[in-house]
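Student: My questions are about this predicted structure, shown below with the sequence.
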Protein chains: 2
Amino acid sequence: MAFQSVRPGALLSPVPAVMVSCASQAARPNIITIAWAGTICSQPPMVSIAVRKDRFSHRILTESGEFVVNLVGEDQLRAADFCGVKSGRDMDKFAACGLTPAPVAALEHAPAIAQCPIYLACKIQQVLELGSHDLFLGRIVDVGVQEALVEADGKINLQKARLTAYCHGVYHSLGPALGFFGYSVAAPEVLERRMKEIQ
Amino acid sequence: MAFQSVRPGALLSPVPAVMVSCASQAARPNIITIAWAGTICSQPPMVSIAVRKDRFSHRILTESGEFVVNLVGEDQLRAADFCGVKSGRDMDKFAACGLTPAPVAALEHAPAIAQCPIYLACKIQQVLELGSHDLFLGRIVDVGVQEALVEADGKINLQKARLTAYCHGVYHSLGPALGFFGYSVAAPEVLERRMKEIQ
């Protein structure tokens, strides 16, 4: 194997292509799909989204100081793609996609998307102008999980959410579970039990 | 469907659990596995990684101002998990995992991991202290792709890389391709052709 040097580009993969919902006093709820998102801190829990200045949602984010990250399951993928290529300047994307805004008590304006498996409600803490994109650093103030994904013991079963991943222009389902955090050093009996649990 | 509000946490998923390699004048090459990574800008291409202050690599990153993000294929997953739970204080992780440091011409100290499908070589542009984690913003100055992933026309075929995704404590392979960027609005003939191409 040998590396070929290519033009520097944003090739981090796979990434979550999430639907970010927003609204402001002046603007009806809108959705923008963002693949340039990442977790940036655990305590406090924070997530970043990168948004071009000329995107319709950029102003809504700046005005409201809020956004909601909605994870995308297979059933929402077509809508997510649509919300990534169409602009809220021209249409009500919630209506166009048959999606429902769900009020989030912790936020003033931005709704979650009722059909998505999980939402992370964020208050914008800082904005960094990096170049083509402005980076919005959001503090996660509330998380909502569809009741069907919460097990009897309170644990969240994300495998039931059938989440999707984005990889260099192609959306994928998630394939089989290959391991769990710490599996490479797990005791044999733990390995056997946990590997069965995640299948 | 109805949402259940849960404790705010870093539930963005799926994310790439990448191996970040680093080195400094004082420190031998080390690897730290990071799931809190994200693309933060396209022009210039930039990526962020979140690292706890007490991690062994934190000092190496600060001293050298460099790091390399190595994408993780299925064949490197066990090593990636190992490098996420063990500390470089106690061992040479390259040696322990049978991995090979590959020099990166654009960087002074940090090597890539020769066995990984793709590397993004980064110079640290800014560090943000956010709480439990410091966020290192890296400008991607060089990208290396295994020659086997570059098609005759120069396009990168990431599907051949068999990348892995991390989802709330569980590592997954990527499943079938479900669509491509813009598929929701593609003309029927484009849709048919491209969907065949990505299978």
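Tutor: Done, it's in.

Student: neighbours of residue A:149, just the number please.
Tutor: 20 (other Cβ atoms under 10 Å in any protein chain shown). C-betas here are computed from N, CA, C, even on glycine.

Student: wouldn't it be in contact with residue A:156 here?
Tutor: Yes - counting by Cβ atoms under 8 Å, residue A:156 is a contact partner of residue A:149 at 5.8 Å.

Student: check contacts around the closest residue to chain B within chain A.
Tutor: Residue of chain A nearest chain B, by Cβ to the nearest Cβ: residue A:38 (1.7 Å). Contact analysis of residue A:38 by Cβ atoms under 8 Å, 6 or more residues apart in numbering or on different chains lists A:15, A:47, A:48, B:12, B:15, B:36, B:37, B:38, B:39, B:40, B:48, B:50.

Student: redo that, cut-off 10 Å
Tutor: A:12, A:15-16, A:46-50, A:135, B:10, B:12, B:15-16, B:35-40, B:47-50, B:135 (Cβ atoms under 10 Å, 6 or more residues apart in numbering or on different chains).

Student: again with residue A:151
Tutor: Residue A:151 touches A:157, A:160, counting by Cβ under 10 Å, 6+ apart.

Student: ok, now how distant is it from residue A:159?
Tutor: 11 Å (Cβ to Cβ, to the nearest Å).

Student: quick revisit: quick check: neighbours shared by residue A:149 and residue A:156?
Tutor: A:117, A:118, B:4, B:6.

Student: and the residue of chain A closest to chain B, what are its bridge partners?
Tutor: residue A:48 (DSSP bridges).

Student: Would you check how far apart the residue nearest to residue A:71 when sequence neighbours are not counted and residue A:75 are?
Tutor: Sequence neighbours aside, residue A:118 is the residue nearest to residue A:71 in space, at 4.4 Å (criterion: Cβ to Cβ, 6 or more residues apart in numbering or on different chains). Per Cβ to Cβ, residue A:118 is found 13 Å from residue A:75.

Student: now residue A:180
Tutor: Applying Cβ to Cβ, the value for residue A:180 to residue A:75 is 26 Å.

Student: In terms of neighbours, single out the busier of those two.
Tutor: Shown here are residue A:180 and residue A:75; by other Cβ under 10 Å, residue A:180 has more neighbours (19 against 13).

Student: Tell me what that one is bridged to.
Tutor: residue B:170.

Student: ok, it - contacts?
Tutor: By Cβ under 10 Å, 6+ apart, the residues touching residue A:180 are A:186, A:190, A:191, A:194, A:195, A:197, A:198, B:81, B:168, B:169, B:170, B:171.

Student: Check residue A:127 too.
Tutor: The neighbourhood of residue A:127, defined by Cβ under 10 Å, 6+ apart, consists of A:51, A:58, A:61, A:62, A:65, A:134, A:135, A:136, A:137.

Student: The longest strand along chain A near chain B anywhere?
Tutor: Counting residues, the longest strand found in chain A (DSSP state E) is strand A:133-146. Yes - remark: strand A:133-146 sits within contact range of chain B at A:133, A:134, A:135, A:137, A:139, A:140, A:141, A:142, A:143, A:144, A:145, A:146, by Cβ under 10 Å from any Cβ of the partner chain.

Student: Could you double-check that residue A:177 lies in contact with residue A:157?
Tutor: No - contact status for residue A:177 versus residue A:157: not in contact, 11.9 Å apart, counting by Cβ atoms under 10 Å.

Student: Looking at the two, which one has more neighbours?
Tutor: Legend: neighbour count by other Cβ under 10 Å for residue A:177 and residue A:157, higher for residue A:177 (18 against 12).

Student: helix, strand or coil for that one?
Tutor: Here residue A:177 is strand, with the state taken from DSSP: H, G, I helix; E, B strand; the rest coil.

Student: Strands of chain A, start to end?
Tutor: A:3-6, A:18-22, A:30-34, A:37-41, A:46-52, A:66-70, A:101-102, A:112-113, A:118-129, A:133-146, A:164-167, A:170-180.

Student: Including mean pLDDT and distance to residue B:23, could those go into TSV?
Tutor: Formatted as TSV, the strands of chain A follow (pLDDT from 0 to 100; distance: least, Cβ to Cβ, whole Å):
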stretch	mean pLDDT	distance to residue B:23
strand A:3-6	94	17
strand A:18-22	98	34
strand A:30-34	98	33
strand A:37-41	98	24
strand A:46-52	98	27
strand A:66-70	98	34
strand A:101-102	98	48
strand A:112-113	98	43
strand A:118-129	98	27
strand A:133-146	98	27
strand A:164-167	98	29
strand A:170-180	97	27
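
Student: Cheers, nothing more for now.
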